[in-house]
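K.L.:
Build the 3D model from these lines:
(one chain, ligands or ions: 1)
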Amino acid sequence: MTETYRNYIDGEWCDSATGRTTDNINPADTRDIVSRHAASDARDAAAAVAAASAAFAGWRATPIGKRAKILNDAAAHLEANADAIAAELTREEGKVLSLARDEVMRSAQTLRFYAVEGQTYGGETYPNDDPDMLVYSQREPLGVVTVISPWNFPVSIPARKIAPALITGNTVVFKPSSDAPLSGYRLAEAFVKAGMPKGVLNFITGSAAEVGPTLVESRAVRAVSFTGSTAAGEQIHKSASMTTRTQMELGGKNPLIVMEDADLDRAVDLAIKGGLSLSGQACTGTSRILVMREVKQAFTDKLVAKVRALKIGNGMTPGMDLGPLATRKQRETVLGYIAAGRAEATLLCGGEPLEDGEFSHGYYVSPAVFTDVTPAMRIAREEIFGPVLAIMEVGSYAEAIAVANDTEYGLSAAIATRNPRYMHDFAHDIESGTVKINRTTTGNLVNAPFGGIKRSSTATFRESGRAGLEFYTQIKTIYRGC
Ligand code: NAD
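P.N.:
Numbers count the residues shown, from 1 in each chain. Have a look, this model is predicted:
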């Protein structure tokens, strides 16, 4: 029996105004309907914004220690229910169970981080010439914040948006992706169980077309924190009013440079872990591998051998390296890029739709490795968001940097080398918000800033870490004489 999950508005679990629901399908087995969710429309979105607006004054006045306790209690709820939440995450999104569990635990860690860090985030005092005047700034919450998240990290991405918003005294309307709404529901539920006052956190599910405009354009919405595709992010950024802050975390085309002195086995592991775990569906996933000419063949041989040995299957089955793609649309997009790659470059392995036996009801594609890829090709330029690696040959460090930077994106970039000169120069030369040296392009700490440059993010505010608190607060400067 498939369960139906409702919206949470103004402290009540409620049906959508439409009375309709949408099915949440398991991408590993499309016969399995994981859950049903409210198909909300603009009326629900308006009710959620109104509830958040009405709750703002009370939440802002709530002692920060009390707000922190709710974050800690929500974290405890996630930890206590991590196995069950992770299993649902794998069922609705497809990633392997161990990664799903890591994500839930990391989300709890994020909540705990902001419960502490938010309490140390304040203003400054400013020296001045008047001995009878104190000049200081204080940080204040913005008001109603909309959080819109994608399906690929359906717990950790909204967690790193909602936690800093709440601890700084904002109220929130949270809309998860319709392709992984149950994980978002579980996150919202954790806050509700932790005793969130009514109206402070509102949760609605529904299509972007139905609820998006109200969540972004309502006058009461003072900030929109969005993670998703560059196309959607740009549209939202443009449609928000001048008094609405935006923070858009968008796409990537992340390079891994393999220098001539790199430990090649390690470099292969970086490519596979960074590019193919999560079936390539990470915004920071490695997509382009720029390899120095003298080690290209040796690296490629090792990479192909390891990719061929990867185990693909249902993420619930222990020992799998890759699960399915998350949606039918995602699978079509990825297969389209593989077809484009076959026409432009040389396919060394994989790239096949898997449709027989255990794969027959899921969105599976075998991981593909292309070589002879040049910078003008589509598979070298466009975000694929799937298990596809493109090997590009380079002849020098300077050429590697030029090719790596020849992209509209700038989210994450890595280099494999033993040479401290390359390490040092790479950190300076690469146009990327995240720089990894002998580490995967994927992965970021909860206590460090995260975000991209160029078209990977809006040029506004960073997420995550202490920097993540800035977006949710505005500065007031006070001149107090006596
Ligand atoms: P998407 O843009 O299709 O959707 C993301 C979310 O935005 C969903 O909840 C969707 O319903 C909503 N949405 C879409 N258009 C909207 C609109 N006009 N108004 C309001 N809401 C709208 O992205 P996706 O397919 O869910 O996720 C994959 C994309 O996300 C990839 O491009 C990936 O690179 C990116 N991503 C970026 C980061 C990052 O931190 N930079 C992290 C993860 C994913």
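K.L.:
Going by C-alpha atoms from here, please, whenever you check contacts or count neighbours.
P.N.:
OK.
K.L.:
chain center to stretch 379-395: distance?
P.N.:
20 Å (Cα atoms, centre = their mean, to the nearest Å).
K.L.:
What's the mean pLDDT across that stretch?
P.N.:
For stretch 379-395, the mean per-residue pLDDT is 98.
K.L.:
Would you tell me whether it gets close to the ligand?
P.N.:
No - Stretch 379-395 lies out of reach of the ligand by Cα under 6 Å from any ligand atom, never closer than 6.6 Å.
K.L.:
That stretch: end-to-end distance?
P.N.:
20 Å (Cα to Cα, to the nearest Å).
K.L.:
So for it, what gets flagged as buried?
P.N.:
Of the residues in stretch 379-395, 379-394 count as buried by neighbour count, 16 or more other Cα atoms under 10 Å.
K.L.:
and if you look at stretch 293-308?
P.N.:
293, 295-296, 299-300, 303-304, 307.
K.L.:
now do stretch 223-235
P.N.:
Under 16+ other Cα under 10 Å, the buried positions of stretch 223-235 are 223-230, 233.
K.L.:
Kindly report the same for stretch 20-28.
P.N.:
21-28.
K.L.:
Which one of those residues is nearest to residue 254?
P.N.:
residue 27 (25.4 Å; Cα to Cα).
K.L.:
if we can go back for a sec, a markdown table for the buried residues of stretch 223-235, including pLDDT, secondary structure and distance to the ligand?
P.N.:
Listed next are the buried residues of stretch 223-235 as a markdown table, based on pLDDT from 0 to 100; DSSP: H, G, I helix; E, B strand; the rest coil; distance: Cα to the nearest ligand atom, whole Å:
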| residue | pLDDT | secondary structure | distance to the ligand |
| --- | --- | --- | --- |
| 223 | 98 | strand | 13 |
| 224 | 98 | strand | 9 |
| 225 | 98 | strand | 10 |
| 226 | 98 | strand | 7 |
| 227 | 98 | strand | 5 |
| 228 | 97 | coil | 3 |
| 229 | 96 | coil | 3 |
| 230 | 94 | helix | 6 |
| 233 | 96 | helix | 7 |
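K.L.:
what about the nearest residue to residue 264 once chain neighbours are set aside, distance to residue 269?
P.N.:
Excluding the flanking residues, the one nearest residue 264 by Cα to Cα, 6 or more residues apart in numbering is residue 299, at 6.0 Å. Look at residue 299 and residue 269: by Cα to Cα, they are 11 Å apart.
K.L.:
try residue 342
P.N.:
25 Å.
K.L.:
Surely residue 135 is in a helix?
P.N.:
No - with DSSP: H, G, I helix; E, B strand; the rest coil as the criterion, residue 135 is assigned strand and is not in a helix.
K.L.:
What residues does it make contact with?
P.N.:
Neighbour list for residue 135: 125-128, 477-480 [criterion: Cα atoms under 8 Å, 6 or more residues apart in numbering].
K.L.:
taking the buried residues of stretch 20-28 one by one, which sit in strands?
P.N.:
21-25 (DSSP state E).
K.L.:
Most widely separated two among those?
P.N.:
21 and 25 (12.8 Å).
K.L.:
what does the stretch 151-300 of the chain put close to the ligand?
P.N.:
Residues of the stretch 151-300 of the chain lying near the ligand (Cα under 6 Å from any ligand atom): 151, 176-177, 207-208, 212-213, 227-230, 232, 235-236, 249-252, 282-283.
K.L.:
Recalculate using a threshold of 8 Å.
P.N.:
Residues of the stretch 151-300 of the chain lying near the ligand by Cα under 8 Å from any ligand atom: 151-153, 157, 175-179, 206-209, 211-213, 215-216, 226-233, 235-236, 248-252, 281-284.
K.L.:
before we move on, back to that, what's downstream of whichever strand or helix holds the residue nearest to residue 264, the next helix or strand?
P.N.:
Using DSSP states H and E, residue 299 maps to helix 293-308. Helices and strands here follow DSSP H and E; after helix 293-308, the next one along the chain is helix 328-344.
K.L.:
Could you list the buried residues of the helix or strand just after that following helix?
P.N.:
On the C-terminal side of helix 328-344, the closest following helix or strand by DSSP H and E is strand 346-349. Buried residues in strand 346-349, counted by 16+ other Cα under 10 Å: 347, 349.
K.L.:
Give me the contacts around the very next helix or strand once past strand 346-349.
P.N.:
Tracing the chain C-terminally past strand 346-349 and defining elements by DSSP H and E, one meets strand 353-354 next. Strand 353-354 is touched from outside by 335, 360, 363-366, with contacts defined as Cα under 8 Å, 6+ apart.
K.L.:
Within the sheet, what are the partner strands of strand 353-354, with directions?
P.N.:
strand 364-365 (antiparallel) (DSSP bridges).
K.L.:
hmm, who's touching the partner strand?
P.N.:
28, 313, 323-325, 331, 335, 350-355, 387.
K.L.:
got it, and stretch 324-340?
P.N.:
Contacts for stretch 324-340 (Cα under 8 Å, 6+ apart): 27-28, 92-95, 151-152, 179, 279, 281, 312-315, 351-353, 362-365, 368, 378-379, 384-388.
K.L.:
List buried residues within those residues.
P.N.:
27-28, 92-95, 151-152, 179, 279, 281, 312-315, 351, 353, 362-365, 368, 379, 384-388.
K.L.:
In helices, which of the residues you listed fall?
P.N.:
92-93, 379 (DSSP state H).
K.L.:
Go through the residues you listed and say which is closest to the ligand.
P.N.:
The shortest approach to the ligand among these belongs to residue 93, at 11.0 Å (Cα to the nearest ligand atom).
K.L.:
separation between the closest one and residue 363?
P.N.:
11 Å.
K.L.:
Overlap of the contact sets of the two?
P.N.:
Common neighbours of residue 93 and residue 363 (Cα under 8 Å, 6+ apart) are 27, 325-326.
K.L.:
since we're on residue 165, how many residues are nearby?
P.N.:
30 (other Cα atoms under 10 Å).
K.L.:
The spatially closest residue to residue 382 that is not a sequence neighbour: what's it in contact with?
P.N.:
Excluding the flanking residues, the one nearest residue 382 by Cα to Cα, 6+ apart is residue 253, at 6.9 Å. By Cα under 8 Å, 6+ apart, the contact list for residue 253 reads 284-288, 380-383, 407, 409-411.
K.L.:
Give me the subset of the residues you listed lying in strands.
P.N.:
Per DSSP E, those map to strands at 286-288, 409-410.
K.L.:
Could you dump the residues you listed into a markdown table with pLDDT and neighbour count added?
P.N.:
Formatted as a markdown table, those follow (pLDDT from 0 to 100; neighbours: other Cα atoms under 10 Å):
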| residue | pLDDT | neighbour count |
| --- | --- | --- |
| 286 | 98 | 33 |
| 287 | 98 | 33 |
| 288 | 98 | 27 |
| 409 | 98 | 26 |
| 410 | 98 | 29 |
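K.L.:
re earlier: now tabulate the buried residues of stretch 20-28 in JSON lines and tack on distance to the ligand and pLDDT.
P.N.:
Below are the buried residues of stretch 20-28 laid out as JSON lines (distance: Cα to the nearest ligand atom, whole Å; pLDDT from 0 to 100):
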{"residue": "21", "distance to the ligand": "15", "pLDDT": "98"}
{"residue": "22", "distance to the ligand": "13", "pLDDT": "98"}
{"residue": "23", "distance to the ligand": "15", "pLDDT": "98"}
{"residue": "24", "distance to the ligand": "13", "pLDDT": "98"}
{"residue": "25", "distance to the ligand": "15", "pLDDT": "97"}
{"residue": "26", "distance to the ligand": "16", "pLDDT": "98"}
{"residue": "27", "distance to the ligand": "14", "pLDDT": "98"}
{"residue": "28", "distance to the ligand": "17", "pLDDT": "98"}
